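Student: here is my input, please return the structure:
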Amino acid sequence: MDGIINVLKPPGMTSFDVVSHLRAITGIRKIGHAGTLDPMAAGVLPVCIGRAAKAVEFLTDKDKLYRAELTLGITTDTQDITGSILSRITPDIDDDEIVGAVASFEGKYMQLPPMHSAIRIGGRKLYELAREGKVVERQKREVNIYSAKVLHISRENGAIKVLFDVSCSKGTYIRTLCADVGEKLGCGGCMSFLLRLGAGPFSIDDAVTLEELYQRQQNGTLEEVVTGVDHVFSGLKAHKLDEALEKKFINGMHVPFSDDGADKENIRVYGADGRFIALGTIAGTKSGKYLKVKKFF
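Tutor: Down below sits the predicted model:
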């Protein structure tokens, strides 16, 4: 089995736990997930199986869509509600201020990765150091918030909770965004809920639960929810080779390319039988364009 399963990760489970379940369901060891979700979070987790595991790096680079809840007035050491509380106040902020603060983060901004993250510094993951009570210097990273829209603001017993949708670039920490919004409002804040609605071409509308996957494994319909790896590159132009050129291509040779309409560097390459075989790169010389291998699948 080779392909990608769009798993609906439940809260309370790590992304690695999901991979372990998929290994048990499929009997395949070569499996990887594309983009870690925190244990408290739920939603879209694309899992790449077999040869499709080569696509993890490309999927991880894709944009993401989230629905998050920010609780104002509470700060924690993990920037989410599961951490130890560092401060608690009763915020006095009107709705317009909140909406404006959330929207102000649209665009590119420098975000400081949280200590409770899987980023490696000096060969060790930050969350490992955090568990030892250590705080190390981190470099801010540029992230891009394409949109940040407040959906609902609730007020109960002095607490203010803000539900909002975020479309963002890879590497964005939503709990850090929540903490940054809270800091901007002067009251602090932490993430109290997170649902990933989309990752690249994969949407929560098509995600499958682990329970359904186990059932499909039992009744022999598991293949029906496995997506071809070329779906990752669905935005790229496709090119089919004939048998002669396919043989040259899979042996690493450059092959002629005459499609003047292909104006993108990368292209999906299919063999004579219609099977997706590689991500190719279009290059050119004075004598014309040619196609070369970027990554085989």
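
Student: poorly predicted segments of the stretch 51-200 of the chain, please.
Tutor: Counting by pLDDT under 70, the stretch 51-200 of the chain shows low-confidence ranges at 117-118, 126, 129-130, 132.

Student: how about the helices of it, start to end?
Tutor: For the stretch 51-200 of the chain, helices defined by DSSP state H, counting those that start in this stretch occupy the ranges 56-60, 95-103, 126-131, 174-184.

Student: and the closest residue to residue 284 other than its chain neighbours, backbone torsions?
Tutor: Leaving aside its sequence neighbours, residue 284 sits nearest to residue 290 (C-beta to C-beta, 6 or more residues apart in numbering; 7.1 Å). In short, each C-beta sits where N, CA and C put it, glycine included. Main-chain dihedrals, residue 290, degrees, to the nearest 10: phi -150, psi 160.

Student: ok, now which ones touch residue 290?
Tutor: 254-257, 282-284 (C-beta atoms under 8 Å, 6 or more residues apart in numbering).

Student: in CSV: those residues, plus pLDDT, secondary structure and distance to residue 197.
Tutor: Output for the contacts of residue 290, formatted as CSV (pLDDT from 0 to 100; DSSP: H, G, I helix; E, B strand; the rest coil; distance: C-beta to C-beta, whole Å):
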residue, pLDDT, secondary structure, distance to residue 197
254, 85, coil, 41
255, 88, strand, 40
256, 87, strand, 42
257, 83, coil, 37
282, 85, strand, 33
283, 81, strand, 37
284, 76, strand, 39
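
Student: outline the domain layout of the chain.
Tutor: 3-62+201-231, 64-198, 236-296 (automatic domain parsing).

Student: and the residue nearest to the spatial centre of the chain, what is it in contact with?
Tutor: Nearest to the geometric centre of the chain sits residue 35, at 4.1 Å (C-alpha atoms, centre = their mean). Residues in contact with residue 35 (C-beta under 8 Å, 6+ apart) are 15, 45-46, 59-60, 62, 64, 170, 196, 199.

Student: looking at the residues you listed, which is nearest residue 78?
Tutor: residue 15 (16.5 Å; C-beta to C-beta).

Student: hmm, the closest one is touching residue 45, no?
Tutor: Yes: here residue 15 reaches residue 45: they are 6.0 Å apart, a contact under C-beta atoms under 8 Å.

Student: what do these two both touch?
Tutor: 9, 33, 35, 37.

Student: just the ones of those residues in strands?
Tutor: 9, 33 (DSSP state E).

Student: where does confidence bottom out across the shared contacts of residue 15 and residue 45?
Tutor: pLDDT across these is lowest for residue 35, at 84.

Student: quick check: it vs residue 115, distance?
Tutor: Distance, residue 35 to residue 115, by C-beta to C-beta, to the nearest Å: 20 Å.

Student: follow-up on the earlier one: now the helices of the stretch 51-200 of the chain as CSV including distance to residue 87?
Tutor: Listed next are the helices of the stretch 51-200 of the chain as CSV, based on distance: least, C-beta to C-beta, whole Å:
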stretch, distance to residue 87
helix 56-60, 34
helix 95-103, 18
helix 126-131, 18
helix 174-184, 10
